[in-house]
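Engineer: let me see the structure of the following:
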Amino acid sequence: MRFPVLLSWFPDLLSWFPDLLSRFPDLLRQFPELLSRFPELPSRFPELLSRFPERESRFPEWSKRLRENRDESQAHGERWGEKDMSVMVSLSWWIKEQILGAMARVKLYISARLGTEYVTWKMSCRSCHLGSSDGVRLRSWRLGGRSIGFLSAMKQTCLFFALMPCFLPCVAGAWERGETTFAQVEERARALAAEPYKAVDKEALPAWMKALTYDQYRDIRFRPEVSLWGDVGNTFRAQFFHPGYIYREPVMLHEFTDTHRQEVRFTKDFFTYGALVGENTDHSGDAGFAGFRFMTDFGRGTTDELAVFQGASYWRCLSKDTRYGLSARGLAIDTGSEGRAEEFPRFSEYWLQKPKSGDPSVKFFALLDSPSVSGAYEFAITPGDDTVVHVRAVLYPRTVVQRFGVAPLSSMYWFGENSKRRFDDFRPEVHDSDGLAVRMASGERVWRPLVNDSGRLEFSFLDGDGVKGFGLVQRDRRFAAYEDGEAAYDLRPSVWMEPTNDWGKGKVMLMEIPTNRELDDNIVATWVPDVTPVPGQRYEFTYRQIWTSRADPADAGGIVVATRTGVHEWEPEQRTVIVEFEGGGLANIASAEELTAVVEMSKQAEEKLEVNHTNIQKMSDGRWRLSFRFTPKGQGDKLAEVGATELRCCLKKGEDYLTETWVYRIQP
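Structural biologist: Below is the predicted model of the structure:
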């Protein structure tokens, strides 16, 4: 036996004893609860042992290599057990803030080296990771080790298992057997709605977390090597956001499989703290997280972000080769309501389901809560050229609200080709989305370009015979439209929403908030039911979100690609409007004589305005340009006295409508 090697290893084992002893009173207080979990432990062994056959299948290969190495070594008169075969065991223990919400790590590394080939078993029992479906995680993560003889390795291994019962109470508390279902989350939401709302204490975080600046917060980074689900062969990874800065409402995270579940506890070991943060990062208790993100490779072999859930009930997703832009929300309460402040419900708790190898989607549940409503959400995210998010929301109102926004989207529009207000900026356009697309039950497709001209809050409501889909779209994909390689507005995704159950009667609301900068999300699109939900009732909405770079997610065929408007100084009371279309059936039109322009305005505007000089022109790039002018009817009347005007136009051939309907509000 190699006692010097064994003794040199003991300081690593003993180094964490002072910290453990300092927490011994906390351990004793929770000891009865921890002991109650011991009956579950024996039931885990068969599942763990069931994993050995896949390792055992390689024994013949290893045995063959071992015999070859032995024969070669004996031919040279060497002791093969010392040179050509060594078992490297590194046992690293540390228990930090386990009882108070951090994590205990026990790592056992047994590596058998056969010639130049290494075969490694690595078992990590972590309080914040539920590994494979049996609760034990096999990871390729090595901290280092010493080369020792086979017998010494086995003695150290036996010593490890002899000491393990001393610490099983700490480790066993990290997981439990049981199912996690959407019905359980819904029951939580229903129970919450029956109780008074309990606000989160935003001052509970340590002072240094609350005092973090924007730059300091960005200097705290998640360590990719400890990502959840980092197993080889798994398509998805989960990473967490540090609490602090403006994120002071903790989010609780859980992980579950078909048979087990556990809480994912905050620990500083998840993160690296840069120089801007400083050394004052002490923490006790469970701070929760600010949110999380999913990572995937989109089939390219390199990991990239897929989705981020952080702040209130917001989330953002990416499709292949896009950049983050607009956001989705779980719910919009009293958005733009007169005399009432907007309420921002928050996802307070998440349950992340560990994907199996080859799963095309990542799935999870979320609990939503606010003073006015609670709810349970189920998500399934499938990445691809179009990333598809299936959402199921079951909502329980607590109080009566003025406006109940389902499946809301938030975006930014500063200025574009249609803007009358210009800003001192080198870029032709700056926006995450340039229009709202809607598909009616009748089959009509509507396109409403976004505006930021009036300097006041603007609302548009699109209703009719029902809504089959809506979305905020970034239609212009030309780099020349933005000239911004850093912000890359030409790569921002669009989001198309499709109800998958009966939402009842309602309308799509578009709210445009005036802004003088690009940092504000000033656009909101959401579906509002005609009958506002009332307390004591259950409401379920399911829908499909498509995050895409396609210009026509509503499948309109002929689409609007540009909107322009202006007034000549020599004709100040006559405004010219230009709308350009392309695609669909327009590709088969040879001349403008085959097309008919349909131009309409609201009834109020018809009493004051008249449309003239309507013209259709084929452009050299395949677009079709519709232009028209409108002027006041009364002699001497001024455009400025008319007020906001609602306009509609489209192109048709005979009785066939070839394009979507352009809908626009102009302040003459």
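
Engineer: what helix or strand is the closest residue to residue 193 other than its chain neighbours on?
Structural biologist: Sequence neighbours aside, residue 396 is the residue nearest to residue 193 in space, at 3.6 Å (criterion: C-beta to C-beta, 6 or more residues apart in numbering). For the C-beta atoms, the positions are set from N, CA and C on the backbone; glycine is no exception. Using DSSP states H and E, residue 396 sits in strand 387-397.

Engineer: and residue 217, that one's in a strand?
Structural biologist: No - using DSSP: H, G, I helix; E, B strand; the rest coil, the assignment for residue 217 is helix, not a strand.

Engineer: mind checking pLDDT for it?
Structural biologist: Per-residue confidence (pLDDT) for residue 217: 96.

Engineer: is it in contact with residue 243, as I believe?
Structural biologist: No - between residue 217 and residue 243 there is no contact under C-beta atoms under 8 Å: 9.8 Å.

Engineer: give me the more crowded residue out of these two.
Structural biologist: residue 243 (25 against 19; other C-beta atoms under 10 Å).

Engineer: so that one touches residue 271, yeah?
Structural biologist: No - Residue 243 sits out of contact with residue 271 when judged by C-beta under 8 Å, with a separation of 10.6 Å.

Engineer: which stretches of the stretch 201-350 of the chain form helices?
Structural biologist: 207-210, 214-218 (DSSP state H, counting those that start in this stretch).

Engineer: dump the first one to CSV, restricted to CA.
Structural biologist: The one in question is helix 207-210. Presented in CSV, the C-alpha positions along helix 207-210 are these (Å, rounded to 0.1, in the frame of the first residue of the first chain):
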residue,chain,number,x,y,z
ALA,A,207,-27.2,44.6,0.0
TRP,A,208,-24.4,43.9,-2.5
MET,A,209,-26.8,42.2,-4.9
LYS,A,210,-29.3,45.1,-4.7
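
Engineer: got a list of contacts for that helix?
Structural biologist: 203, 242-245, 248, 278, 280-283, 287 (C-beta atoms under 8 Å, 6 or more residues apart in numbering).

Engineer: and that helix, what's its mean pLDDT?
Structural biologist: 93.

Engineer: mind listing what's buried in it?
Structural biologist: For helix 207-210, the neighbour count (16 or more other C-beta atoms under 10 Å) marks 208-209 as buried.

Engineer: that older thread, quickly run through the sheet partners of the strand holding residue 396, with directions.
Structural biologist: The sheet places strand 387-397 alongside strand 373-382 (antiparallel), strand 539-548 (antiparallel), with pairing taken from DSSP bridges.

Engineer: just the closest of the contacts of helix 207-210 to residue 660, please.
Structural biologist: residue 245 (42.3 Å; C-beta to C-beta).

Engineer: which residues does that closest one contact?
Structural biologist: Per C-beta under 8 Å, 6+ apart, neighbours of residue 245: 209, 212-214, 216-217.

Engineer: what separates it from residue 219, distance-wise?
Structural biologist: Going from residue 245 to residue 219 by C-beta to C-beta, to the nearest Å gives 11 Å.

Engineer: kindly report the same for residue 404.
Structural biologist: 40 Å.

Engineer: what do you get for residue 271?
Structural biologist: Residue 271 is 10 Å from residue 219, by C-beta to C-beta.

Engineer: the strands paired with strand 387-397 into a markdown table, with extra columns for mean pLDDT, mean neighbour count and distance to residue 575?
Structural biologist: Output for the strands paired with strand 387-397, formatted as a markdown table (pLDDT from 0 to 100; neighbours: other C-beta atoms under 10 Å; distance: least, C-beta to C-beta, whole Å):
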| stretch | mean pLDDT | mean neighbour count | distance to residue 575 |
| --- | --- | --- | --- |
| strand 373-382 | 98 | 23 | 44 |
| strand 539-548 | 98 | 20 | 34 |
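
Engineer: on that earlier part again, buried subset of the contacts of helix 207-210?
Structural biologist: 242-245, 248, 283, 287.

Engineer: burial measure for residue 344, as a count.
Structural biologist: 17.

Engineer: thinking it is in contact with residue 313, fair?
Structural biologist: Yes - between residue 344 and residue 313 there is a contact at 7.3 Å, judged by C-beta under 8 Å.

Engineer: one step back: output the buried ones among the contacts of helix 207-210 as JSON lines; include the columns pLDDT.
Structural biologist: Below are these laid out as JSON lines (pLDDT from 0 to 100):
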{"residue": "242", "pLDDT": "96"}
{"residue": "243", "pLDDT": "95"}
{"residue": "244", "pLDDT": "94"}
{"residue": "245", "pLDDT": "96"}
{"residue": "248", "pLDDT": "94"}
{"residue": "283", "pLDDT": "75"}
{"residue": "287", "pLDDT": "80"}
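
Engineer: using a markdown table, lay out the residues you listed together with distance to residue 417.
Structural biologist: Below are the buried ones among the contacts of helix 207-210 laid out as a markdown table (distance: C-beta to C-beta, whole Å):
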| residue | distance to residue 417 |
| --- | --- |
| 242 | 41 |
| 243 | 42 |
| 244 | 41 |
| 245 | 36 |
| 248 | 40 |
| 283 | 50 |
| 287 | 47 |
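
Engineer: any weak-confidence spans in the chain?
Structural biologist: With pLDDT under 70 as the threshold, the chain has low-confidence stretches at 1-174, 231-233, 284-285, 464, 668.

Engineer: in it, which spans are helices?
Structural biologist: Ranges of helices in the chain, per DSSP state H, are 3-14, 17-22, 24-35, 40-49, 52-56, 59-75, 80-83, 150-172, 182-193, 207-210, 214-218, 603-606.

Engineer: tell me, how many residues neighbour the residue nearest to residue 226 when sequence neighbours are not counted?
Structural biologist: With C-beta to C-beta, 6+ apart as the criterion, residue 226 has its nearest non-adjacent residue at 6.0 Å, and that residue is residue 270. Counted with other C-beta under 10 Å, residues neighbouring residue 270 total 23.

Engineer: now do residue 270 against residue 295, distance only.
Structural biologist: 14 Å.

Engineer: touching stretch 638-650 from outside, list them.
Structural biologist: Here stretch 638-650 has contacts from 454, 567, 572-575, 577, 579, 597-602, 605, 608-609, 626, 628, 630-632, 657-668, using C-beta under 8 Å, 6+ apart.
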